[in-house]
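# Compute the structure for the input listed below.
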Amino acid sequence: MTLPDKYDPAETDFDLFSSPFYLIAHADFKYHEDLDKAIAKLGVDRVTYRLLTVLMRQSPMNIKELSKFALLKRSTASRALVRLRKEGWINQYLEEADNRITNVELTLSGRDMAEKVMRLGSRQLHRAVQGLDQENLKELTGLLKHLVNNLSKLSIE
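Modelled structure (predicted):
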């Protein structure tokens, strides 16, 4: 496929503000700008939000998988999990079959907090997709999944 020059950073007609990845980053920034303020009132930051929402999907989960699905470096996730444990939102325990693996599970108070922040995330999502119909949203998510899949299997080098 030949890209239009305005999308290609190597071309003189490149338009940063029309670039798909600039627009994705801009949308992500705007989405989190307000959401971060709202969740901060609950004492939650973006890293915690990510961990709680992933754990709501599946708990228990080992730290390696949790980091992957929360889009965090393992060291970042591990540091945040210390705080979540102190808050009483998670329990951690070693895998019986392999004590090198640490599993994380939400506590009842962790589930309560996750539900609160996810309601805020839901409100922000509804704001973001206002004016899109179900077909637009399905197409958008399909295109984004396609980009993620391409970037997951292709190396720049």
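
# surely Asp15 meets Asp8?
No. Applying CB atoms under 8 Å, one finds Asp15 not in contact with Asp8, separated by 9.9 Å. To be clear about C-beta, it is placed using only N, CA and C from the backbone, and glycine gets the same treatment.

# any idea where the strands of the chain begin and end?
61-62, 90-94, 102-106 (DSSP state E).

# can you put those strands in a markdown table and add mean neighbour count?
As requested, those are arranged in a markdown table below (neighbours: other CB atoms under 10 Å):
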| stretch | mean neighbour count |
| --- | --- |
| strand 61-62 | 18 |
| strand 90-94 | 16 |
| strand 102-106 | 19 |
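
# In a markdown table: those, plus distance to Tyr49 and mean pLDDT.
Below are the strands of the chain laid out as a markdown table (distance: least, CB to CB, whole Å; pLDDT from 0 to 100):
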| stretch | distance to Tyr49 | mean pLDDT |
| --- | --- | --- |
| strand 61-62 | 16 | 95 |
| strand 90-94 | 14 | 95 |
| strand 102-106 | 13 | 95 |
